[in-house]
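Peer 1: Give the three-dimensional model of this entry:
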Amino acid sequence: APLGAASDQRLASTLEWWKQWARRCSYDGPYRSVVVRSALALKLMTYSLSGGVIAASPTSLPEALGGNRNWDYRYCWLRDASLTLLAMLSAGYSDEAAAWRDWLLRAVAGEPADVQIMYGVAGERRLDEYLATWLTGYDGNPVRIGNAASGQYQLDVYGEVMSALYSAGHMDGVHSRAIWDLQQKLIEFLEDGWRKPDDGIWEVRGPQRHFTHSKVMAWVAVDRAVRTMEDWPGLPGPVDKWRALRDEIHREVLEKGFNEKKQAFTQYYGCDELDASILMLPIVGFLPPKDPRVVSTVEAVQRELVDGGFVLRYRTNDDASVDGLTGREGAFLACSFWLVDCLHMIGRVDEAREMFERLLPLRNDVGLLSEEYDPVAKRQVGNFPQAFSHVSLVNSACRLTGQEPLSAGKAQVAKRLQHLLSRSLGGPIGSGAHPGGRPWRAPRARPGRRARGRGAAGGGRGAAPAAPPPREGAPGGAPPATAAGAAGRPGGARPGARR
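Peer 2: Model prediction:
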């Protein structure tokens, strides 16, 4: 039976809200419909009550049919969320980026050594993993709830967070004291923390190692801190000390991460195995794209990690010696887009475009991508839809059409983001556009209100106070007729996890 005029009106207003939101996309190129669809997917994976961005909406979809590689991804990875922020800024969506910055400041409050790689959508820290043995998962696979990787040490997340905050600061020319306090503490931790082996970007369940990508991202973290102080000259901090640290990390990676026999950067110091994460070296600016070591590394990845036209993270084996797990997995879609970026950066533009357009048909009928693609079964596998894949798609589309990340719609985005920051972080602190001005100042409390400094209204470490209520009916808040433009809520499906 018809639901009535009230329901029809609610549906019409919801559709109009999403159409307005989609029209705000600042990307203007031949892949606009693809970018808009990916941005919509990322928006739907954002929990509007807190600003947290989950990695994927389901749990336990297998990375290989009948295999044991299936995980719970319904959580906020700092890595994935940081990359999502950059992709959303590239597409012109500043409200979501500002909401994520607020979420980050609440979630990681406390000591940098206690920073987790992932949190629940409201900042929850305890994400114990167990098998729901009473449930039958997809294709008979086990169902996992929680993610044991939440207790891992992953060095690269510091780089992704620092890079995202640096780019977001340049978007509006403003830095807040709360943000800089957090960044300082992260770098102070890395002064010694970068020397330790870690579990790596792929969250291996084998031994910790000195992963090359992890060390590169530690360099990124320190580099972005130095650049921040150079762009906002009055910020407090030991810039000369951090420049020396940056140079030390760079020297070590070149000395220990590059394999002369392979003529490529390898997965970890002293090994011969390749890893697709090393494709990030030119993307993050560690080396120039035309550096011979970069070019030979890209070519080595093409020779050894491309399977069926798409890129594997690394070669797995049946004795679990690589990552602590047995069995195979599909090609990792984000890595395939990274290869697109690298090919474009080293001047092989036609090859990059051909690969990008080979990836697009892998999307389903509504333009969504999972984590991986199985070239044997010729189908998507892994949790679906996957934020990491859509983030990488947006970045590659921007690069191929000359719209580098953060280059489109700057004036409009800066205005919107500065307005949001003035509400949520105690006011604008300083402007990179005016080097002679004060780089930051302490937030002032409004009459009758408590100041919203770091750690306010939340108590101890990891507390996640409620975010300001979303503005209904305006693009950037929650769409009408919903409590959140998100993938989950407290009391509903449990927020979950990762690789």
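
Peer 1: for A331, what are its contacts?
Peer 2: A331 makes contacts with D307, G308, F310, V311, L312, E372, Y373, D374, P375, as judged by C-beta atoms under 8 Å, 6 or more residues apart in numbering. C-betas here are computed from N, CA, C, even on glycine.

Peer 1: can you rerun that using 7 Å?
Peer 2: D307, G308, F310, V311, L312, E372, Y373, P375 (C-beta atoms under 7 Å, 6 or more residues apart in numbering).

Peer 1: Likewise for V253?
Peer 2: T212, K215, V216, W219.

Peer 1: excluding its backbone neighbours, what's nearest the third one?
Peer 2: When you say that, I think you mean V216. F286 (5.1 Å; C-beta to C-beta, 6 or more residues apart in numbering).

Peer 1: Give me the pLDDT value at the one you found.
Peer 2: F286 is assigned a pLDDT of 96 by the prediction.

Peer 1: among the contacts of A331, which are in strands?
Peer 2: Residues of the contacts of A331 located in strands (DSSP state E): D307, F310, V311, E372, Y373.

Peer 1: Count the residues that sit near the first one.
Peer 2: Residues near D307, counting by other C-beta atoms under 10 Å, number 16.

Peer 1: Tell me where the model's unsure across the stretch 151-300 of the chain.
Peer 2: 171-175, 205 (pLDDT under 70).

Peer 1: Tell me where this structure has helices.
Peer 2: 5-23, 32-44, 78-90, 94-107, 156-172, 177-193, 212-231, 239-256, 280-283, 292-305, 333-345, 349-359, 387-400, 410-424 (DSSP state H).

Peer 1: As a markdown table, those helices with distance to D365 would be great.
Peer 2: Formatted as a markdown table, those follow (distance: least, C-beta to C-beta, whole Å):
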| stretch | distance to D365 |
| --- | --- |
| helix 5-23 | 18 |
| helix 32-44 | 11 |
| helix 78-90 | 23 |
| helix 94-107 | 25 |
| helix 156-172 | 32 |
| helix 177-193 | 41 |
| helix 212-231 | 34 |
| helix 239-256 | 43 |
| helix 280-283 | 31 |
| helix 292-305 | 29 |
| helix 333-345 | 17 |
| helix 349-359 | 16 |
| helix 387-400 | 16 |
| helix 410-424 | 31 |
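
Peer 1: what's the closest of these to P62?
Peer 2: helix 333-345 (15.5 Å; C-beta to C-beta).

Peer 1: Identify all contacting residues around that closest one.
Peer 2: Counting by C-beta under 7 Å, 6+ apart, 276, 279-280, 282-283, 289, 298, 301, 310-311, 313, 351-352, 355-356, 359, 369, 371-373, 388-389, 392-393, 395-396, 399-400 sit against helix 333-345.

Peer 1: So what's the model's average confidence on it?
Peer 2: Here the average pLDDT along helix 333-345 is 95.

Peer 1: Next: stretch 356-375.
Peer 2: For stretch 356-375, the per-residue pLDDT averages 92.

Peer 1: With stretch 43-59 instead?
Peer 2: 86.

Peer 1: Just the terminal-to-terminal distance for that stretch.
Peer 2: 19 Å (C-alpha to C-alpha, to the nearest Å).

Peer 1: Without its sequence neighbours, what residue ends up closest to L89?
Peer 2: A97 (5.1 Å).

Peer 1: Redo the contacts of V253 as a markdown table? Include distance to G92.
Peer 2: Compiled in a markdown table, those are given as follows (distance: C-beta to C-beta, whole Å):
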| residue | distance to G92 |
| --- | --- |
| T212 | 34 |
| K215 | 33 |
| V216 | 29 |
| W219 | 29 |
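
Peer 1: now those as JSON lines including distance to H170 and neighbour count?
Peer 2: Converted to JSON lines, the contacts of V253 look like this (distance: C-beta to C-beta, whole Å; neighbours: other C-beta atoms under 10 Å):
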{"residue": "T212", "distance to H170": "27", "neighbour count": "25"}
{"residue": "K215", "distance to H170": "25", "neighbour count": "25"}
{"residue": "V216", "distance to H170": "21", "neighbour count": "25"}
{"residue": "W219", "distance to H170": "19", "neighbour count": "25"}
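
Peer 1: Ranking by neighbours, what's the top pick from the ones in strands among the contacts of A331?
Peer 2: E372 (30 neighbours).

Peer 1: contacting residues for that residue?
Peer 2: Per C-beta under 7 Å, 6+ apart, neighbours of E372: E63, E329, G330, A331, F332, L333, V381, G382.

Peer 1: try 6 Å
Peer 2: When contacts are counted by C-beta atoms under 6 Å, 6 or more residues apart in numbering, E372 touches E63, G330, F332, V381, G382.

Peer 1: Distance check, the residue lying closest to it once chain neighbours are set aside against K262.
Peer 2: Leaving out its chain neighbours, the residue that sits closest to E372 by C-beta to C-beta, 6+ apart is G330, at 3.5 Å. Distance, G330 to K262, using C-beta to C-beta, to the nearest Å: 24 Å.

Peer 1: Looking at the two now, which is surrounded by more residues?
Peer 2: G330 (28 against 16).

Peer 1: Hmm, the more buried one is touching N383, no?
Peer 2: No: when contacts are counted by C-beta atoms under 6 Å, G330 is not listed as touching N383 (11.9 Å).

Peer 1: For the nearest residue to R69 once chain neighbours are set aside, list the residues it contacts.
Peer 2: Once flanking residues are discounted, R69 sits nearest to E63: 4.1 Å by C-beta to C-beta, 6+ apart. Residues near E63 by C-beta under 6 Å, 6+ apart: R69, E329, G330, E372, V381, G382.

Peer 1: And for V294, the neighbour number?
Peer 2: That count, for V294 with other C-beta under 10 Å as the rule, works out to 22.

Peer 1: likewise L400?
Peer 2: For L400, using other C-beta under 10 Å, the count is 19.

Peer 1: ditto for A377
Peer 2: Around A377 there are 11 residues (other C-beta under 10 Å).

Peer 1: I'd like the numbering to begin with 7 instead of 1 from here.
Peer 2: Got it, the first residue is 7 from now on, which makes the last one we talked about A383.

Peer 1: separation between it and L287?
Peer 2: When A383 is compared with L287 (using C-beta to C-beta), they lie 32 Å apart.

Peer 1: One more: D198?
Peer 2: D198 is 24 Å from L287, by C-beta to C-beta.

Peer 1: cool, N370 as well?
Peer 2: 32 Å.

Peer 1: again with G206
Peer 2: In terms of C-beta to C-beta, G206 sits 15 Å off from L287.

Peer 1: next one: M361
Peer 2: 19 Å.

Peer 1: the more surrounded of the two?
Peer 2: A count of neighbours by other C-beta under 10 Å puts L287 above the other of M361 and L287, at 25 against 22.

Peer 1: Now that one. Nearest residue, chain neighbours left out?
Peer 2: Nearest non-adjacent residue to L287 (C-beta to C-beta, 6+ apart): L293, at 5.5 Å.

Peer 1: from what I can see the one you found touches T303, true?
Peer 2: No: using C-beta under 6 Å, L293 is not in contact with T303; the gap is 9.2 Å.

Peer 1: Of these two, which one has the most company?
Peer 2: Set L293 next to T303 and count neighbours by other C-beta under 10 Å: T303 wins out with 26 against 19.

Peer 1: any idea how far the spatially closest residue to V290 that is not a sequence neighbour lies from W238?
Peer 2: Leaving aside its sequence neighbours, V290 sits nearest to V226 (C-beta to C-beta, 6+ apart; 5.0 Å). To W238, V226 is 18 Å away according to C-beta to C-beta.

Peer 1: gap between the two ends of stretch 321-337?
Peer 2: Counting by C-alpha to C-alpha, you get 10 Å between the two ends of stretch 321-337.

Peer 1: Quick check: the gap between L260 and E197.
Peer 2: Counting by C-beta to C-beta, the gap from L260 to E197 is 20 Å.
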